[in-house]
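1. Give the three-dimensional model of this entry:
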Amino acid sequence: MSKDAGFRVSRLAEQKQRARRVRIGVMLVLCALPVAMAFAKGVTTLAHVSVL
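-> Residues are numbered from 1 along each chain as shown. So this is what the prediction gives:
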């Protein structure tokens, strides 16, 4: 019984940690997306200017 309870607790902690990692990943993507889009826009603008 106690072994089962310990297993359940460790599993819960594991899920919490995984959820936190996922949340951090989502936040990083959301923060990086506008930066990446702005960077891509800047690169395409530079490319257009260099072609002209």
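2. What helices and strands are in contact with the helix or strand L33 falls within?
-> When secondary structure is defined using DSSP states H and E, the element that contains L33 is helix 2-51. When contacts are defined as 3 or more Cβ pairs under 8 Å, 6 or more residues apart in numbering; DSSP states H and E, helix 2-51 packs onto no helix or strand at all. Where you see a C-beta, it was placed from the backbone N, CA and C, and this is true even at glycine.
3. starting at the chain centroid, how far to it?
-> Counting by Cα atoms, centre = their mean, to the nearest Å, helix 2-51 is centred 0 Å from the centre of its parent chain.
4. Rounded mean pLDDT for that helix, please.
-> Model confidence over helix 2-51 averages 85 on the pLDDT scale.
5. separation between the residue nearest the centre of the chain and A32?
-> Compute the mean C-alpha point of the chain, and by Cα atoms, centre = their mean the closest residue is G25, 1.9 Å away. Distance of G25 to A32, given as Cβ to Cβ, to the nearest Å: 10 Å.
6. A40 too?
-> Taken as Cβ to Cβ, the spacing of A40 relative to A32 amounts to 12 Å.
7. same thing with R20?
-> Plainly put, R20 is 18 Å away from A32 if you go by Cβ to Cβ.
8. Before I go, just wanted to say thanks for your time.
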